[in-house]
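Chemist: quick one: sequence plus predicted model below, questions after.
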Amino acid sequence: MAQDTAVPKLSFQYWLDKAVEWGHTTTLESQQDVCLHLPKLQEFLQQIYESLKHMNSTTAIQRFPLIGQLLGRLCWNPFVVGYDESQKTLMWCLCCLYSNEPQNPVELKANSWILSLLYHLLSSSSWGANEVGTGTFISALGYTSADYYSKLVKNIVSSLVTELKGNQFNGLNIQGRVSDDHVTVVSLFCVPLITLPDVTPLLEALLTYHGGGSQEVLSSEFLEAVNETFLKKKIALSESAILSLWLRHLPSLEKATLHLFERLISTQTSSLEHVVSIIKDSFLPQAACHPAIFKIVDEIFKNALLETGGTPEVMTIIQMFTWCFVQAHQKDNKQHKFPLKAYFPHHQQHLVIALLKHPFDLPATLWSQHLKYITDMLKAIIEDKSIRSYADLFESWFLFVRFGEWADIAVEQLLKSEDESSDTFLWLLAFYYSPHNDKEKRTQIVVILASNTTSEVFDLLIRTAYRFNQLGLKNQRAVKLVNELLQELRFTD
């Protein structure tokens, strides 16, 4: 891998020897030697960071066993810290080594050591104090260095948050708006510190801050880093902060949606409860209650449906996401929230309203009638050649896929029906599984879904089992039959 060869061991050992040498002497010659090597050292540190950012803390220690010794010595060398971007690069490297979920006392101790170094570097920056005799002053106050720097960081964060929010200070209301350039600098300053718990209030204040102009005031590096760290579950942010992030930075929203989609595709599960848990945990269904976010997420799912040709796995993901979104919308108690049908403005609203009605909301005796109502409306749209186009056909199909639970109900009704209503269910299922075919070919398609439908049947049974669980059904014969069939299909697979 590229990152394994980016930092040769010989080069690492060379700089470690140099760091040891510089730390043991304070002669003029030693200081001159440090200054002479600083440009090359900065290049080396950047290489180290490029390697570390692809690893977790455990892998990093395995790859570079002496990395802590090297970084620790460099952090306390004032010539190194004061040069160009070295301080920032050192902070980035240390954050890569920080373990967000320490598993043992060694990792806990390492985290404490890393925090103390970060606090030291912060105190050496323009944000903190950098005066001669600081160490003596700290000792006189009775603080350890770690305690002092921790409190310093908290004070810096608190001061910046107050500045951004324009809070009252000493009884006076601070009316002067912070300059956009200053906010940009602050956001860049936060990039290497995103995972530090003490910095979280500042992250949220930045994400919910908007400048006076139309231009984005937060750096793209900051927005991308926050999103990446959030997706990896390394930080916890408020819903309002995440919503603001995705509204102000489209690439982050797109990446979050693709991240969820890829995670669901790669998750081998026969439990829709697990799928629903992953979807809700992403916060995307809740965020999609904002129409602008819904539109983007919906477009990504639409493209996924096009590119995959409507595989059962993708159709199930879209269906379950829509279900989670509808649930989130119903729980949203905002006074001026949009009606659900407003999220589907390009469709016949009668069809949208019919599909939005959940099977649970109707007596089972009315399901057949409701399916016929849905089918009649779809037929009118699809078979009207005067207005039909491929786009119209796809949009109608995509709408039906979103609410694919009605297709599952159609299967159940088809198995029970003994009259002409079976034609309705057959047409609806043929359209669900093969929308691009003409009316005459749909019957043939159904006969072919009969001969090679293991994947479709498996997904259907999973969704049926999920619906039974939602209804609290456990002992009925149908529930036992569904579970037996699922077990048999798993064994066959």
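Modeler: Sure, I can see it.

Chemist: chain neighbours aside, what residue packs nearest to Gly213?
Modeler: Sequence neighbours aside, Asp180 is the residue nearest to Gly213 in space, at 6.7 Å (criterion: Cβ to Cβ, 6 or more residues apart in numbering). (Glycine included, C-beta is placed from N, CA and C.)

Chemist: same question but for Ile353, I mixed them up
Modeler: Lys341 (6.0 Å).

Chemist: against Phe360, how distant is the one you found?
Modeler: Lys341 sits at a distance of 19 Å from Phe360 (criterion: Cβ to Cβ, to the nearest Å).

Chemist: of the two, who's got more company?
Modeler: More neighbours sit around Lys341 than around the other of Lys341 and Phe360, counting by other Cβ atoms under 10 Å; the figures are 15 against 10.

Chemist: the more buried one in helix, strand or coil?
Modeler: Look at Lys341: counting by DSSP: H, G, I helix; E, B strand; the rest coil, its state is helix.

Chemist: I figured it hits Val352, correct?
Modeler: Yes - the pair formed by Lys341 and Val352 meets the contact definition of Cβ atoms under 8 Å, at 4.9 Å.

Chemist: next up, the contacts around the closest residue in space to Leu264 that isn't next to it in sequence.
Modeler: Using Cβ to Cβ, 6+ apart and skipping residues adjacent in sequence, the residue nearest Leu264 is Ile317, 5.1 Å away. Taking Cβ atoms under 8 Å, 6 or more residues apart in numbering as the criterion, Ile317 is in contact with 261, 264-265, 275, 301.

Chemist: likewise for Ser214?
Modeler: Shown in contact with Ser214 (Cβ under 8 Å, 6+ apart): no residues.

Chemist: three-state assignment of it?
Modeler: Applying three-state DSSP to Ser214 yields a three-state assignment of coil.

Chemist: please export the C-alpha coordinates of the helix or strand hosting Asp376 as CSV.
Modeler: For Asp376, the enclosing helix or strand under DSSP states H and E is helix 367-382. These are the backbone C-alpha positions of helix 367-382, laid out as CSV (Å, rounded to 0.1, in the frame of the first residue of the first chain):
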residue,chain,number,x,y,z
TRP,A,367,-56.3,-3.8,1.2
SER,A,368,-57.5,-5.4,-2.0
GLN,A,369,-59.7,-2.4,-2.8
HIS,A,370,-56.9,0.1,-2.0
LEU,A,371,-54.5,-1.9,-4.3
LYS,A,372,-57.0,-1.7,-7.1
TYR,A,373,-57.2,2.1,-6.6
ILE,A,374,-53.4,2.4,-6.8
THR,A,375,-53.2,0.1,-9.8
ASP,A,376,-55.9,2.0,-11.7
MET,A,377,-54.0,5.3,-11.2
LEU,A,378,-50.7,3.8,-12.3
LYS,A,379,-52.3,2.3,-15.4
ALA,A,380,-53.8,5.6,-16.3
ILE,A,381,-50.4,7.3,-16.1
ILE,A,382,-48.3,4.6,-17.8
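
Chemist: report the buried residues of that helix.
Modeler: 367-368, 370-375, 377-378, 381-382 (16 or more other Cβ atoms under 10 Å).

Chemist: toward the C-terminus from that helix, list the very next helix or strand.
Modeler: Heading C-terminal from helix 367-382 (DSSP H and E), you reach helix 390-402.

Chemist: now for that following helix, which elements pack on it?
Modeler: helix 291-308, helix 312-331, helix 349-356, helix 367-382, helix 421-433 (3 or more Cβ pairs under 8 Å, 6 or more residues apart in numbering; DSSP states H and E).

Chemist: I'd like the next helix or strand past it.
Modeler: Heading towards the C-terminus - elements assigned by DSSP H and E - helix 390-402 is followed by helix 405-416.

Chemist: so what's the residue count around Ser112?
Modeler: If you count neighbours by other Cβ under 10 Å, Ser112 ends up with 11.

Chemist: wait, is it part of a strand?
Modeler: No - Ser112 sits outside any strand when classified using three-state DSSP, being helix.

Chemist: hmm, back to that, the inter-axis angle of the helix holding Asp376 versus helix 390-402?
Modeler: Angular relation of helix 367-382 and helix 390-402 on a 0 to 180 degree scale: 160 degrees, by axes from the mean of the first three to the mean of the last three Cα atoms, to 10 degrees.

Chemist: tell me the mean pLDDT over helix 367-382?
Modeler: Across helix 367-382, the average pLDDT comes to 90.

Chemist: got it, and stretch 219-226?
Modeler: Confidence for stretch 219-226, expressed as mean pLDDT, is 92.

Chemist: with just CA atoms, put it into CSV.
Modeler: This file holds the C-alpha atoms of stretch 219-226, laid out as CSV (Å, rounded to 0.1, in the frame of the first residue of the first chain):
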residue,chain,number,x,y,z
SER,A,219,-13.2,26.5,5.3
SER,A,220,-14.0,23.5,3.1
GLU,A,221,-11.2,21.5,4.9
PHE,A,222,-13.1,22.1,8.2
LEU,A,223,-16.5,21.0,6.8
GLU,A,224,-15.0,17.9,5.2
ALA,A,225,-13.1,17.0,8.3
VAL,A,226,-16.1,17.4,10.6
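
Chemist: buried residues in it?
Modeler: For stretch 219-226, the neighbour count (16+ other Cβ under 10 Å) marks 219, 222-223, 225-226 as buried.

Chemist: now swap in stretch 196-204 and tell me
Modeler: Burial within stretch 196-204, assessed by neighbour count using 16+ other Cβ under 10 Å, is assigned to 196, 198-200, 202-204.

Chemist: what separates it from the chain centre, distance-wise?
Modeler: 18 Å (Cα atoms, centre = their mean, to the nearest Å).

Chemist: what about it, start to end distance?
Modeler: Chord length of stretch 196-204, first to last residue, is 13 Å (Cα to Cα, to the nearest Å).

Chemist: also stretch 94-112?
Modeler: With Cα to Cα as the measure, stretch 94-112 spans 11 Å from end to end.

Chemist: need the residues that contact that stretch.
Modeler: Contact with stretch 94-112 is made by 49, 52-53, 55-58, 60-61, 67-68, 71, 75, 114-115, 117-118, 121, 146, 192-196, 233-234, as judged by Cβ under 8 Å, 6+ apart.

Chemist: among the residues you listed, which are in helices?
Modeler: Among the contacts of stretch 94-112, the members found in helices (DSSP state H) are 49, 52, 57-58, 60-61, 67-68, 71, 75, 114-115, 117-118, 121, 146.

Chemist: where does the stretch 301-450 of the chain dip in pLDDT?
Modeler: Under the criterion pLDDT under 70, the flagged ranges of the stretch 301-450 of the chain are 333-336, 385-389, 415, 417-421, 436-448, 450.

Chemist: specify the residue ranges that define each domain of the chain.
Modeler: Structurally, the chain divides into domains by automatic domain parsing as follows: 2-160, 249-343, 349-452.

Chemist: for Thr184, find the nearest of these.
Modeler: The closest of the domains of the chain to Thr184 is domain 2-160. By Cβ to Cβ, the value is 13.1 Å.

Chemist: that closest one - what's its average pLDDT?
Modeler: Rounded mean pLDDT across domain 2-160 is 76.

Chemist: in the helix or strand encompassing Glu254, what's buried?
Modeler: Secondary structure assigned from DSSP H and E places Glu254 in helix 250-266. In terms of neighbour count (16+ other Cβ under 10 Å), helix 250-266 has its buried residues at 252-257, 259-261, 264.

Chemist: can you list contacts of that helix?
Modeler: The set of residues external to helix 250-266 that reach it, using Cβ under 8 Å, 6+ apart, is 223-224, 226-228, 231, 245-247, 275, 278-279, 282, 284, 293, 296-297, 300-301, 304, 313-314, 317.
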